[in-house]
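Enquirer: got a sequence here, can you build the structure:
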Amino acid sequence: MAKIAFLGTGAMGSAMIRNYLKGGHKVTAYNRTIAKAKPLEDAGAKIAATPIEAVEGAEVVISCLTNDDASRGSWNGENGALKGNFKPGAYAIEASTASLEWIRELDGLARAKGMNFLDCPVAGRPDLANAGKLKVFAGGAKEDVDAMRPVLDAISAAVIHFGPVGSGITFKLIYNVMGALQVAATAEGLLACEAAGIDLRVAADAFSNGATGSPHVKLHSKNMAEGIIDDPIMFTGKNRIKDTSYGIEVINSFGAQSVLGRGTRQVWEQMVEQGMELRNDSELIDALRAAHKAG
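Expert: Got it, this is the predicted structure:
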């Protein structure tokens with residue numbers, strides 16, 4: 001069993017930590033808001049006041065945070081994990097949905113400190129995280145992925161190795177652009193049905209059980225048609241915009257087309273315009289309704 005330092009105890013991070021504890025791993029957790037990490041003490045985690053404290057003697061350091069700034073601060077800030085006394089040859093695993101640019105920079109910073117590095121963003125909502133059934137999109141040397149299999153398997157139903165460092169986050173960002181596009185298309189499609197006088201529940205069922213019925217469409221069309229609001233919130237509009245923006249950047253960096261990605265971001269930006277960016281992504285339909293009325 002590994003001695004793990006875990007940075008970030010949001011909904012995803014907390015669920016991952018609980019699965020590590022259930023699997024017999026020793027976990028020291030850090031969160032910028034310490035009070036949010038306290039419930040993990042009852043599950044057996046040690047709570048650290050700083051990233052430096054969290055990584056003391058750690059064999060594996062995992063980060064699951066909101067964005068580049070949060071990740072950068074936890075790894076390389078004033079009390080960042082990279083300044084700590086982790087075990088020689090420890091593994092640094094970035095599980096956040098961050099930018100490719102930051103992942104490449106973090107790889108260099110970690111290796112300069114003698115660490116091995118993997119980018120391993122995860123796919124799945126908190127319910128799958130709680131069940132230990134996330135998908136891990138891994139980037140790094142094969143031998144490093146193999147070495148970390150017991151750690152990655154503890155939180156996931158599948159570990160998919162895409163290639164060298166950076167390939168995991170590259171795929172995740174493209175994947176999330178496609179996901180954001182499907183949710184946005186669902187909202188627009190249902191609103192078009194509503195304008196045409198079509199019952200939204202009937203439309204949602206037909207979308208879900210037709211050729212359009214991806215898992216995203218099945219989940220979100222039902223929530224949108226029935227006005228179901230997730231509590232706690234599973235995925236905010238703000239994070240959809242962040243992930244889509246990072247995705248457009250990475251797609252453009254390889255010289256590929258991102259016309260639909262840019263259009264998708266414009267749809268999600270209407271949640272910001274309506275003051276709903278911190279609401280659940282299924283509530284996009286309400287933001288679009290409000291934007292239409294205001295227009």
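Enquirer: surely A157 touches V136?
Expert: No. Judged on CB atoms under 8 Å, A157 makes no contact with V136 at a distance of 9.1 Å. Just so you know, the C-beta spots here come from the backbone N, C-alpha and C atoms, and that holds for glycine as well.
Enquirer: run a quick neighbour tally on the residue lying closest to A15 once chain neighbours are set aside.
Expert: Among residues not flanking A15 along the chain, A129 sits closest, at 3.5 Å (CB to CB, 6 or more residues apart in numbering). A129 has 23 neighbours, counted by other CB atoms under 10 Å.
Enquirer: contacting residues for the closest residue to M16 other than its chain neighbours?
Expert: Counting by CB to CB, 6+ apart, M16 lies nearest to I155, which is 4.8 Å off, once chain neighbours are set aside. I155 makes contact with M16, N19, Y20, V122, A129, G132, L134, V136 under the criterion CB atoms under 8 Å, 6 or more residues apart in numbering.
Enquirer: for the last one, helix, strand, or coil?
Expert: Reduced to three states with DSSP: H, G, I helix; E, B strand; the rest coil, the structure at V136 is strand.
Enquirer: that one bridge partners, please.
Expert: Assessed by DSSP bridges, V136 has beta-bridge partners V122, V159.
Enquirer: wait, it touches A154, no?
Expert: No. Using CB under 8 Å, V136 is not in contact with A154; the gap is 10.4 Å.
Enquirer: which secondary element of the chain has the worst mean pLDDT?
Expert: None of the helices or strands of the chain scores lower by mean pLDDT, DSSP states H and E than helix 34-37, at a mean of 89.
Enquirer: C-terminal to that one, what's the next element?
Expert: Using DSSP states H and E, the helix or strand that directly follows helix 34-37 along the chain is strand 46-47.
Enquirer: neighbour count winner among A157 and V136?
Expert: V136 (27 against 13).
Enquirer: what's the separation between the residue lying farthest from the centre of the chain and A287?
Expert: In the chain, the residue that sits farthest from the middle, by CA atoms, centre = their mean, is G197; the gap is 36.6 Å. Counting by CB to CB, to the nearest Å, the gap from G197 to A287 is 22 Å.
Enquirer: go on, G261?
Expert: For G261, the distance to A287 - CB to CB - is 19 Å.
Enquirer: before we move on, what about Q182?
Expert: 17 Å.
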